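Colleague: after the sequence you'll find the predicted model.
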Amino acid sequence: MRIIKTVKTLRKRINLLSQSPIGFVPTMGALHEGHLSLVSYAVKQCPAVVVSIYVNPTQFNDREDLKNYPRTPVEDIGMLLSVMRKDDIVFLPSDKEIYPKVDKRIFSFGNLDNVMEALHRPGHFNGVAQVVSRLFDLVEPDIAYFGKKDYQQLAVIRELVCQTNRDITIVGLPTVREQDGLAMSSRNMYLTESDREVALCLSRALRAGGEAAAFGPSAIRRAAREVLVEEPLALVDYLVLVHPHTLADVPEWYRGEALLAVAARVGTTRLIDNMACRLGS
């Protein structure tokens, strides 16, 4: 695979690609098997694949979180060698390459800006939109791949593509989990051994909620909440049952696809997880 660090070299290489579709997997590094599943899927579908590794400062509302975010480029490249081909591209830009000048763009995503992560991380999704739209401009992919663990981010990016009239197919792939059920995340490396045991309550709560789906929205929320309250060391930010497209809370009469999502702080680490549910027959 080719490791490229500048926009000029990236664009030169992209222009030489004669086969399509071009697949793109944007990441912030600290790669794990969840990321590799996205890259592997892209490699199977596309004759050319670009993976970016860039910790985007504009999506962090907490400067300390940005400073401490894990950066493991050597290990990341080693992992990508196992799944990428010799002519695929790993893009490792600096801040100056991505933001040659201050990005002052403000995006609006309707209800997606007013629920779940948006309430707890002000400005986060505007920063996501800034960096993803910039990367889309540079890579010009035909297909971009994202994990469903960051479900709200996936919804925001789909809306971004719609608003900007980009001809890009957005593919959301299932969450990859550890054997114990914990959703894979770059932030899991922050968890102590005892924190990790506590963190398992998130996936247990989602499973409990899913098992109650036949009894309606209130039963789902109640079953999941009962699991969470049994673990006082998990400080829950939210537990919601929402429509998978609008992320609006589903009413009691609702039947169809829904998303059960949770966010909680375990020790010093904030974790998110979600699971699809189907209500009714």
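Modeller: Structure's in. What do you need?
Colleague: and the residue nearest to residue 70 when sequence neighbours are not counted, how far is that from residue 55?
Modeller: Nearest residue to residue 70 in three dimensions, chain neighbours excluded: residue 30, at 3.9 Å (Cβ to Cβ, 6 or more residues apart in numbering). No exception for glycine: its C-beta is placed from N, CA and C like everyone else's. Counting by Cβ to Cβ, to the nearest Å, the gap between residue 30 and residue 55 amounts to 9 Å.
Colleague: anything in contact with each of those two?
Modeller: Contact criterion Cβ atoms under 8 Å, 6 or more residues apart in numbering; residues bridging residue 30 and residue 55 by contacting each: 69, 71.
Colleague: show me where the stretch 101-250 of the chain has its strands.
Modeller: 143-147, 169-173, 234-242 (DSSP state E, counting those that start in this stretch).
Colleague: what's the closest of the ones you listed to residue 184?
Modeller: strand 143-147 (8.6 Å; Cβ to Cβ).
Colleague: that closest one packs against which elements?
Modeller: strand 22-27, helix 33-45, helix 151-163, strand 169-173 (3 or more Cβ pairs under 8 Å, 6 or more residues apart in numbering; DSSP states H and E).
Colleague: give me that answer again for 6 Å
Modeller: If contacts are counted by 3 or more Cβ pairs under 6 Å, 6 or more residues apart in numbering; DSSP states H and E, strand 143-147 sits against strand 22-27, helix 33-45, strand 169-173.
Colleague: out of everything not next to it in sequence, what's closest to residue 81?
Modeller: residue 1 (6.8 Å).
Colleague: hmm, back to that, how about the helices and strands packed on strand 143-147 in CSV, adding mean pLDDT, distance to residue 251 and mean neighbour count?
Modeller: Below are these laid out as CSV (pLDDT from 0 to 100; distance: least, Cβ to Cβ, whole Å; neighbours: other Cβ atoms under 10 Å):
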stretch, mean pLDDT, distance to residue 251, mean neighbour count
strand 22-27, 98, 35, 25
helix 33-45, 97, 33, 19
strand 169-173, 98, 25, 17
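Colleague: let me see the domain layout of this protein.
Modeller: 2-173, 186-275 (automatic domain parsing).
Colleague: ok, how many other residues are close to the residue nearest to residue 81?
Modeller: 17 (other Cβ atoms under 10 Å).
Colleague: same question for residue 194.
Modeller: Quick note: residue 194 (other Cβ under 10 Å) scores 11 neighbours.
Colleague: got the contact list for it?
Modeller: Contacts for residue 194 were tallied using Cβ atoms under 6 Å, 6 or more residues apart in numbering; there are none.
Colleague: rewinding a little: you'd agree the residue nearest to residue 70 is in a helix?
Modeller: No - read with DSSP: H, G, I helix; E, B strand; the rest coil, residue 30 is coil and lies in no helix.
Colleague: which residues touch it?
Modeller: 70, 72, 186.
Colleague: could you rerun that using 8 Å?
Modeller: 69-72, 76, 186, 189.
Colleague: just the residues you listed now: which is nearest residue 214?
Modeller: residue 186 (35.3 Å).
Colleague: how close does the residue lying closest to the closest one once chain neighbours are set aside get to residue 221?
Modeller: Leaving aside its chain neighbours, residue 186 sits nearest to residue 30 (3.6 Å; criterion: Cβ to Cβ, 6+ apart). Going from residue 30 to residue 221 by Cβ to Cβ gives 32 Å.
Colleague: what angle do the lengthiest helix in the chain and strand 234-242 make?
Modeller: The longest helix of the chain (DSSP state H) is helix 193-211. Interaxial angle of helix 193-211 relative to strand 234-242 (axes from the mean of the first three to the mean of the last three Cα atoms, to 10 degrees): 20 degrees.
Colleague: any weak-confidence spans in the stretch 101-250 of the chain?
Modeller: For the stretch 101-250 of the chain, no stretch has pLDDT under 70.
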